[in-house]
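J.: Pasted the sequence and its predicted model underneath.
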Amino acid sequence: MNQPQPFGPYTLLRRIGRGGMAEVFLAETSSAEGERRHLAIKRLLSPYNSDAQLIAMLADEARVSVWLHHPNIVQVFDFGCVGDHHYIAMEFVDGCDLCSLVRAPEGSSGRHLPLATAVYAVHKIADALDYAHRRHHDGNPLRIVHRDVSPHNILVSRDGEVRLTDFGLARAEIATHETQEGIIRGKFAYMPKEQAYGKDIDHRVDIFALGVTLYEALCGVKPYTASNLAQQIYQLEHPIPPPSAILPTLPREIDRITMLAMHPNVEKRYQCAEELAADLADLLSAFGGNPAEQRRDLGAHVMRRIQSREISPPKPPPMTIHEIPINKTSLIADELQSRADNNPPELPKDAPQNVSLDLHETRTDDLLTTKVPVQRRAGVEEKKPPTPTQSMWPKLLLAFVVGLVSGWLLHLWFAAL
């Protein structure tokens with residue numbers, strides 16, 4: 001859109017984001033005193049405005065967010081429909097998402113945030129999750145689980161303020177849309193084992209996802225790179241290296257915190273976000289100094305990122321954890337070295353069978369099978385299949401010998417006559 005457009009009580013100024021099901025606009029409205037203020041409008045794309053399930057999910061995002069008033073959670077103001085377009089109006093964060101800060105332009109290696117800056121940002125989100133997980137109403141727990149914590153859903157302003165957003169997949173007692181049995185929601189690369197297997201989940205899936213986010217912010221690479229459920233299940237069955245294996249300058253304490261948050265056994269993981277936040281606060285005190293300085297430093301990173309890209313969409317990072325030099329880590333690639341590229345991974349016996357992807361949903365009754373990329377060890381020569389010419393010579397030689405022997409036998413037979 002080139003010109004501002006009226007949209008109910010709002011004016012849409014420009015589009016600032018677009019996903020598979022919705023788009024986000026910078027908008028403005030007038031307060032009761034006549035003052036203009038900016039906000040963000042999240043609007044379902046036209047093909048989905050007749051989808052009752054998606055409308056219910058958008059309504060639940062607004063319903064859940066209304067109960068959350070925390071400095072590190074994006075506030076939702078309104079939910080409604082203008083014409084055929086369903087939308088929610090929410091707080092506008094003038095900056096970028098955390099994903100943009102750790103993703104690099106095409107053709108360069110991944111970026112990572114300084115230790116104290118990364119810890120500061122994740123500590124704020126841990127505080128926000130602890131608040132959401134503990135929220136009560138009339139003495140009854142709301143049991144809010146975000147289910148989609150990732151760098152994409154963490155917004156950072158130019159002033160270094162950190163906000164958790166997008167409770168569209170959240171599960172809560174006050175939500176009206178219930179997830180059907182056998183459906184898995186969330187981003188594959190941030191799912192813990194219990195979520196990927198379609199088991200009962202609780203707030204600890206958010207802790208795992210935040211641990212993955214911390215790893216990515218510290219190292220500039222993803223610990224898990226799955227693009228489908230089968231890959232994520234396979235990767236979860238294999239150990240990953242601690243952050244210091246990627247960046248040796250990182251202290252061992254951050255290894256302990258990150259790997260504990262990402263522990264595959266839910267009972268051995270941090271049992272509440274408050275525990276994770278406390279350990280991050282201690283680490284920040286030891287290595288980060290004044291939180292105000294870290295906020296300014298985080299804001300400076302946002303400003304540099306915005307200026308460098310000129311609001312252009314971020315490029316996906318060319319480097320993943322599977323591309324790190326083989327002598328620095330023990331990856332799935334090590335184990336897959338001897339396997340051919342066209343062999344699919346072997347899933348555990350108790351892995352859910354028949355899984356497919358439908359937008360944000362994955363059903364455990366339609367198996368999605370794809371190949372897992374293989375990283376071979378440096379110095380190991382790859383066996384190449386024989387060329388057509390090479391494979392013909394043995395056959396020609398055999399035909400020549402058979403013909404020679406047959407001719408000799410015929411000669412003897414005629415001589416005997």
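T.: Arrived safely, thanks for sending.
J.: low pLDDT regions in this protein?
T.: Along the chain, segments meeting pLDDT under 70 span 1, 103-111, 168-186, 288, 309-396, 410-411, 413-417.
J.: Domain map for it?
T.: 1-92, 94-363 (automatic domain parsing).
J.: Including mean neighbour count and distance to Ser406, could those go into a markdown table?
T.: In this view, the C-beta of every residue, glycine as well, is placed from N, C-alpha and C. A markdown table is the format used below for those (neighbours: other Cβ atoms under 10 Å; distance: least, Cβ to Cβ, whole Å):
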| stretch | mean neighbour count | distance to Ser406 |
| --- | --- | --- |
| domain 1-92 | 16 | 68 |
| domain 94-363 | 18 | 40 |
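J.: Turn the ones you listed into TSV, including distance to Gly403.
T.: Converted to TSV, the domains of the chain look like this (distance: least, Cβ to Cβ, whole Å):
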stretch	distance to Gly403
domain 1-92	65
domain 94-363	37
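J.: Touching, Glu194 and Val205? I think so.
T.: Yes: contact criterion Cβ atoms under 8 Å: Glu194 and Val205 qualify, at 6.9 Å.
J.: got any residues that touch both of these two?
T.: Shared contacts of Glu194 and Val205, defined by Cβ atoms under 8 Å, 6 or more residues apart in numbering, are absent.
J.: for this protein, what spans make up the strands?
T.: Using DSSP state E, the strands found in the chain span residues 5-7, 10-18, 22-30, 36-44, 76-82, 85-90, 95-97, 136-137, 140-141, 154-157, 162-164, 183-185, 356-358, 361-363.
J.: For Leu283, find the nearest of these.
T.: strand 162-164 (16.5 Å; Cβ to Cβ).
J.: Tell me the spatial nearest neighbour of His85, not counting adjacent residues.
T.: Arg43 (5.3 Å; Cβ to Cβ, 6 or more residues apart in numbering).
J.: Could you pull up phi and psi at Ser50?
T.: phi -110, psi 10 (degrees, to the nearest 10).
J.: contacting residues around it?
T.: Asp84.
J.: Relative to Pro241, how far out is it?
T.: With distances taken as Cβ to Cβ, to the nearest Å, Ser50 is found 47 Å from Pro241.
J.: same check, this time on His133
T.: Taken as Cβ to Cβ, the span from His133 to Pro241 is 29 Å.
J.: likewise Val266?
T.: Counting by Cβ to Cβ, the gap from Val266 to Pro241 is 21 Å.
J.: Check the contact between Asp202 and Arg147; I expect there is one.
T.: No: with contact defined as Cβ under 8 Å, Asp202 does not count as touching Arg147 (10.5 Å).
J.: list the residues that contact both of those two?
T.: Common neighbours of Asp202 and Arg147 (Cβ under 8 Å, 6+ apart) do not exist.
J.: Leaving out sequence neighbours, find the closest residue to Arg15.
T.: Per Cβ to Cβ, 6+ apart, closest to Arg15 is Phe25, 5.3 Å.
J.: Contacts only, for that neighbour.
T.: Phe7, Leu12, Leu13, Arg14, Arg15, Ile16, Ala40, Ile41, Arg43.
J.: can you redo those residues as JSON lines with distance to Val162?
T.: Below are the contacts of Phe25 laid out as JSON lines (distance: Cβ to Cβ, whole Å):
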{"residue": "Phe7", "distance to Val162": "28"}
{"residue": "Leu12", "distance to Val162": "26"}
{"residue": "Leu13", "distance to Val162": "24"}
{"residue": "Arg14", "distance to Val162": "24"}
{"residue": "Arg15", "distance to Val162": "24"}
{"residue": "Ile16", "distance to Val162": "18"}
{"residue": "Ala40", "distance to Val162": "16"}
{"residue": "Ile41", "distance to Val162": "22"}
{"residue": "Arg43", "distance to Val162": "25"}
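J.: between those, which is closest to Asp159?
T.: Ala40 (16.7 Å).
J.: and the closest one, what does it touch?
T.: Ile16, Val24, Phe25, Leu26, Ala27, Ala89, Met90, Glu91, Phe92, Val93.
J.: if I look at the closest residue to it other than its chain neighbours, how far off is Gly299?
T.: Closest residue in space to Ala40, ignoring its immediate chain neighbours: Phe92 at 4.4 Å, by Cβ to Cβ, 6+ apart. Separation of Phe92 from Gly299 (Cβ to Cβ): 16 Å.
J.: Repeat that for Ile257.
T.: Taking Cβ to Cβ, one finds Ile257 at 24 Å from Gly299.
J.: Same check on Ile201?
T.: Applying Cβ to Cβ to Ile201 and Gly299 gives a distance of 34 Å.
J.: about what we covered before: of all the strands of the chain, which one comes closest to Ala399?
T.: Closest among the strands of the chain, once you apply Cβ to Cβ, is strand 356-358, at 50.1 Å.
J.: hang on, the earlier thing: max pairwise distance over the contacts of Phe25: which two?
T.: The farthest-apart pair in the contacts of Phe25, when distances are taken by Cβ to Cβ, is Phe7 and Ile16, at 14.3 Å.
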